Every structure is written in structure tokens, then in C-alpha cells.
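A.B. asks: return a 3D structure for these sequence lines:
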Amino acid sequence: MTRLPIIVAAAVFTFLLGGPVYAQQINSGIDIQSLHGGTYASFDSKNNIGRGTNGVLIIFNGSVVTADSITVYYSTYEAVADGNVHIQQGGQLWVGEHIQYNLKTHDMVSEQFRSGRSPVFIEGKGLHGNIVSNRMEQGTYNATNALITTDDVEKPAIKIRASRIKITPNEKVQAWNAWLYVGDVPVFYFPYYERNLGVHANNFDFVPGYRSAFGPFVLGSYSWYLNEELQGRFHLDYRQRRGIGVGPDFDYNLGRWGEGELKYYYTHDDDARTNFVNSPVFDNRQRLNFSYLAMPYTNLEVRALARYQSDAGVVRDFFEGEYRQDPQPNTFIEGDKLWQNFSLDVLTEPRVNNFLETVERLPDVRLSGFQQQLGVSPIYYESESSVGYYRRLFPETNDSFAGLTNYEAGRADTYHQLTLPETFFGWLNVTPRVGGRFTYYTESHGPGGATEETTRGVFNTGAEVTFKASRVWPGVKNQLLDVDGLRHIVQPSVNYVYVPSPNAHPTQLPQFDYELPSLRLLPIEFPEYNSIDSIDSENVLRFGLRNQLQTKREGRVADLLDWQLYTDWRLKPRAGQPTYADLFSDLSLNPRTWMTFESQTRLDLNTGDWRLLLHTLTLQPSDVWSWTVGHFYLRDDFRNSPTALGTGADVFTSALFFRLNENWSTRAVHHLDVNSGRLQEQYYSVYRDMRSWTAALTGGVRDNGVGPKDYSLVFTFSFKAKPKFGVGADSVRPYSLLGLQE
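C.D. replies: Here you go, the predicted structure:
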């Protein structure tokens, strides 16, 4: 009973003498700790003050404070920190040499400070703020003579200097009377500037440049983030020859009820024009895009897409990136319900742009039965049935005959097929099949309607025979080709299709689902062949041969060679059909991990002429340089056939990238018309790495062979934290660097 008071008295005496302690707690709950074991803490009980020196740490109320020395006033929770002061609250870090900070209210006063939360960093003078609660997002700080940058270095390349700023931690920073500096040169003035400090940063984006069709231009946008459900951008563009363009973009996310985007753009075009023949263009030009995708319930998907254009050239003129990806956008609403063996699809496709040819589906209801086993039998069944009302609408142009060829009709179609897959000798796969289709057409109506009410029956049969054989040579090694063992796989196939002449020829039927031009060989078996209204007699053998050479690289199986050959032998060709289809070849060769050669060819076996040649060689031995060269050849095809390819092409392409050093790199892209020797497109880019962002200066010249050449010079920049372009996008789509918006 006598030892306890003695121990307590000794502890108090030791503390008052300022002896070494490593953690001192007062009734306030504030804990002063040592950073490296050499801290001396003292407590003034009369004034209720604690002091720590030689590197101290305080963790209290969600704040972490470190400094060379700290004085804490326990009655007011005020801390005065000196020397290498770091204060972390939430995701925000504050740095200074002398900071007065209230550990309870988060009040802060500092003559000079630095603060940062990637990708935005700030420094300034005269910082003061008043946080009224422990929730940092509810308080603000104010400072003067401030600098804002995205470069986390002592001397940032790009920065904004402002006479006054207001910081809302974890949310945003606002600046008044601000100048944008590149190095030490002021280049742009902002009366007011705002930047989000969160993951989704509100920011401005400007793309200045020159283009022959536009004159000098500036494409401006402001990206904003409201919440996870709604965010977007607002575009404000100025083109000296064409005028001002404006429009908002909205990205929405309603959870299981869907997500998508709504985009609108309007411009009063001061020099409205187009290269489309017989396509009128008006001064008031606009574009509206809407997309929707939802899965409200399991296995139920709803999607919608609407693309409205005021004229045939508005997207090509002002959103060329979008135009190149889809020059004839469609509009539809579709719902799809999936079960284990069936799916039900309802598609409505109206026409919203009368200058585009469209097959309206009002609606098209389709029930698909997946390939499924019939009980315990070895027979498999699949089906596809549809019913709908269709309108084929041709483009409406300045032609006085526009609309005189349109027609419409109803159609009901059902197809059923049985297959019997078998394997013989453990390696030979044989799949015979037999199927039948019944289609009903109403009488066609409209100016171009010329078909009567019709029923058609189609019978089909055939079989596919295929096998796969392989051989392994584990001891084969070649350092030059990076080969560690070899495996050869060969897979020949023969597919026979027989369809007797239907009772109704395609010319007697309205053509809604018809064959389209294609660079590849069309399917011959049902239901993959889905040109329902073009079905005619078939008696054909399709031969295929695939060869693969594989090896091990870095412990994984890799293809050295993948080569496929295929063609059709028409045993009884239809009128106008040759006996042999073109011979197709698809080749991919990878002699090294950094070298890829790809080839697609199409040879007319009847004449010996090449109809298609596409070759590409890509070299990328390091991150210093890469080079892709290619050649595309397409023979003119003006046959009187719906699958004729039309005007051909003969183009040589090259894309060369070279990194000069860690900060500078270049890229050159060329498209050369071999026949005329004309450079159709050429782009030259110089890139500058600014640590937290990348700048590019791109010049381009395009020569379509008609009219004057189109010259462009554009400056673009992209933050690495939120890149404007995907990896390699400027190589695949170099026009994206020319202000040709997506």
C-alpha cells in the first residue's frame, strides 16, 4: 500500500524535469510521439502547454502532424509547428516551415505553404481557413499569391499563378486573377479558374490550331463531374471561317436501370458546304447522339441508339473521327431476353436521317433456339423465327425521283435445323445436317412495290468434315527466331451445302435482308447466312486449311505462324456465278516478339487476278522506335451485282515513331496513292513529355485529288492522370491529334 504513491510521485517528478519520453498523453487525448527516438517532451501544468522537439509526431482527430518542434496548447487544441512541418488530413497534404493548426477545428494559418493531392499541387502565401466541423469537405482555406500546377516538381513547366485562391479540401480549388504560364512565359489569362481536387476533376481543355477548311480555330470544352450518376462536358468551339459551335455532352449512370450518353452540337455554319453529290447543306447544322444500355433484370438487356444529323456532311465536317468509324449510323431500340436454350429479341429501327438508305423494322421480333441436344439422343436442334413489318427507304437527295423506289411489306420467317455431330476413329469429326425454312411475305406497297403476296419454302442439307493433327519437336531451338520447341497443328475442313432452287426467286421477293459487299467470304450454311430474302440455290463445297506453328516464349505458348486458306467449289453455279470462288488467305507471322507480319489476300481463281492485297509489317524492338509499313490493294469491281466492291484502291502506308530522349519524341504517318504518286494523307507530330502531362504539335496535309489540299496545324495536350487518347490511339487514328473530334 505504501509503494504505489511513491511510484506515481516519481513518474510526475521525472516528467516535470523534462526527461526523455516517447509518448505523452494528456487528458485532452493529444499524443506527442517521437519520430526517431530522440524526442524530449515537457509539460507546463500551470499554463496547460506541451512541447516536443527533435522531430515529433501528433495523431489526433483524423490529422497527422509532423515537425521538428511542436507546441500544443491543450486548453484550445492549438498546435504551433516549426521546421519541416507536414500536416495530413484526409487525402490532402500541407507542407510549410511555420504553421499554426487547430487539431480540433482544423483552423490553419501559415505565412507560406505547399499542398497537394495528385494530380493537383498548390503553393502560396498568407494561408488561413476556418473548418467548422471535423468533416474536411465542409471547410475552406484562402491564400494569396498562389501557384497551381499538375507537376510535382520544384520547378513545374506548366503552372497557373493567381492573386487569390480558395481551397476546399478533397473537393476543389478556385482561383481569381489567374495567368497560365509555360515556363516563365504567361500565355493565357483566366479571370476565374476552378479545378476539382477529387478523382473526377472538373477542368477546361483547349485545342488551338489551323485548318484550311476552318481557318484558325480553338476547340474548347469544360469537363464537369456532378456525381457517379451524372457527368459530362460542354463544348464551345470557334472556327474563323465557319463560326461558333456549341453543345453539351451528358454521361449518365442509373445503375441497373441503364447508362449511356446524350450529345448535342449546333453551329451556324458561315461557309456551309459538302463534298457529297446531291446532298443539300444548310447554314444551321446540328447533330444529336443518344445511347442507352441497361440490364434491369437477370438475362434481360435493353439498348437504344439514336443518331440525328441535319445533313449528310455535318459529322464528317466537324466530327471526322466519329464519321470515319461509322459513316452511316443507324437508330434503333432493342430488347433481348435470354433463357438457357432460347432468346427473344425485339428490334425497332426507324429512319431519322432521310439522306441515308435505311431498312425500317417496325418492329422485328426474333426467337432464336440455340443448338441443344434432343433428350438423350445424339441429335441437336437449333431454330430461328422472326416476324415483322419492314420498309426499304432509299436516300432522299436533290434527285427529283427520290422516294419513287421505296417499298414496304410484312414478313414472317421460321427456320429449323437438325445436326448429328459424330467423331470417328477418335479424330475425324463429321457433322451432317438437314433443315427447312418457310417464309411468308405480304403484298408490297409503296411507289417501288412490285411483289405479290408470296410464300416460299427452302430445304437445305449438307455436312462438315474436319480433323486436327499435331506433332511436337521439343528439342528444336533457334535463338534468332526465339524458338524454344516447336508444335505444328494442321486442321483441314470440308463443308458441303446443298440448297435446291426455292419455289420463289429473290427477284420475286422484297429485299430487306440482302447480301452486302464484303471483302471476306460470306457464310454458306444456315443460320449463319442471314440474308433471308436473297436465298437461292446452292450446291457448293467449301475447303479450308489452317496451319499453326507454336513455340514457347517467356514460359507461355506463342504462335510463330497462323495461316488459313479457304475457297468455294460451286458444283452447280447459278447464272452469272463462276465455278470457283476467290481463294482467300489470312496469314499472321511472328518471327520475334517485336516483329509481326500480317497478310490478307484474295485471288480470283478464274482469271488469276489479285482482287485484294493487304500486307502489314510492324517492328517494335524497343520503346525508342517503332515502324509500321503496309500496302492495301483493291481491284476495281463494277459488276452488276449487289456484292460488287466498286472503285478500288492502291495505297502504301507508313507510321514511324522515334523517341529522341525521355522528354521528346516524334511520329510521321504517310498514305501514298501508288497509281498517281499522290500523298493522300501525311501527318507529322512532335511530342513533349511534361511529367504530369503530354503535349503534341501536329501538322497534316491531305490531298483527295479533288479541290485544294487541306492543311492543318494543331496543338494538343493530355494529362497523364486522365489521358485524352487511349494507348496507341494517335498511331491508329492520327487524325485524332488534328482536332477532328470523336
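
A.B. asks: helices of the chain, residue ranges please.
C.D. replies: For the chain, the helices defined by DSSP state H occupy 3-16, 314-318, 320-325, 729-732.

A.B. asks: pLDDT score for the closest residue in space to residue 473 that isn't next to it in sequence?
C.D. replies: In space, and not counting its chain neighbours, residue 473 is closest to residue 486: 4.4 Å by CB to CB, 6 or more residues apart in numbering. The C-beta positions use only the backbone N, C-alpha and C, and glycine is treated the same way. You'll see residue 486 listed with a pLDDT of 95.

A.B. asks: what about residue 486, how many residues nearby?
C.D. replies: 19 (other CB atoms under 10 Å).

A.B. asks: OK, contacts around it?
C.D. replies: 472-473, 476, 549-551, 560 (CB atoms under 8 Å, 6 or more residues apart in numbering).

A.B. asks: could you report the separation of it from residue 551?
C.D. replies: Remark: distance between residue 486 and residue 551 (CB to CB, to the nearest Å) = 6 Å.

A.B. asks: what residues of stretch 238-257 count as buried?
C.D. replies: 238-239, 242-243, 245, 247, 249-251 (16 or more other CB atoms under 10 Å).

A.B. asks: equivalent analysis for stretch 78-98, please.
C.D. replies: 78-81, 85-87, 89, 92, 94-96.

A.B. asks: mind listing the residues bridging to residue 423?
C.D. replies: residue 429 (DSSP bridges).

A.B. asks: wait, it touches residue 465, no?
C.D. replies: No. At 11.2 Å, residue 423 does not count as touching residue 465 under the criterion of CB atoms under 8 Å.

A.B. asks: quick check: closest non-adjacent residue to residue 128.
C.D. replies: Here the residue nearest residue 128, using CB to CB, 6+ apart, is residue 109, at 4.9 Å.

A.B. asks: next, count neighbours for that neighbour.
C.D. replies: So residue 109, with other CB under 10 Å, has 17 neighbours.

A.B. asks: for the stretch 151-300 of the chain, give me the ranges with low pLDDT.
C.D. replies: Flagging of the stretch 151-300 of the chain using pLDDT under 70 yields the residue ranges 152-153, 170, 196-201, 274-280.

A.B. asks: can you show me the strands along it?
C.D. replies: Taking DSSP state E, counting those that start in this stretch as the test, the strands found in the stretch 151-300 of the chain are 158-168, 172-182, 185-196, 203-211, 215-227, 230-239, 243-253, 259-268, 284-297, 300-309.

A.B. asks: and these as JSON lines, adding distance to residue 331?
C.D. replies: Formatted as JSON lines, the strands of the stretch 151-300 of the chain follow (distance: least, CB to CB, whole Å):
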{"stretch": "strand 158-168", "distance to residue 331": "42"}
{"stretch": "strand 172-182", "distance to residue 331": "38"}
{"stretch": "strand 185-196", "distance to residue 331": "35"}
{"stretch": "strand 203-211", "distance to residue 331": "29"}
{"stretch": "strand 215-227", "distance to residue 331": "26"}
{"stretch": "strand 230-239", "distance to residue 331": "22"}
{"stretch": "strand 243-253", "distance to residue 331": "18"}
{"stretch": "strand 259-268", "distance to residue 331": "14"}
{"stretch": "strand 284-297", "distance to residue 331": "9"}
{"stretch": "strand 300-309", "distance to residue 331": "5"}
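
A.B. asks: residue 216 contacts residue 240, doesn't it?
C.D. replies: Yes. Contact between residue 216 and residue 240 holds when scored by CB under 8 Å: they sit 4.8 Å apart.

A.B. asks: tell me which helix or strand of this protein sits lowest on mean pLDDT?
C.D. replies: helix 3-16 (a mean of 38; mean pLDDT, DSSP states H and E).

A.B. asks: wouldn't residue 473 be in contact with residue 485 here?
C.D. replies: Yes. In this structure, residue 473 is within contact of residue 485 by CB under 8 Å, at 6.7 Å.

A.B. asks: report the buried residues of stretch 287-295.
C.D. replies: 287-292, 294.

A.B. asks: for those residues, which one is nearest residue 543?
C.D. replies: Set against residue 543, the nearest of these by CB to CB is residue 291 (42.0 Å).

A.B. asks: does that closest one really touch residue 329, like I thought?
C.D. replies: No. Applying CB under 8 Å as the test, residue 291 and residue 329 come out as separate, 10.7 Å apart.

A.B. asks: buried residues in stretch 604-617, which are they?
C.D. replies: Buried residues in stretch 604-617, counted by 16+ other CB under 10 Å: 604, 611-614, 616.

A.B. asks: give me the beta-bridge partners of residue 695?
C.D. replies: residue 688, residue 717.
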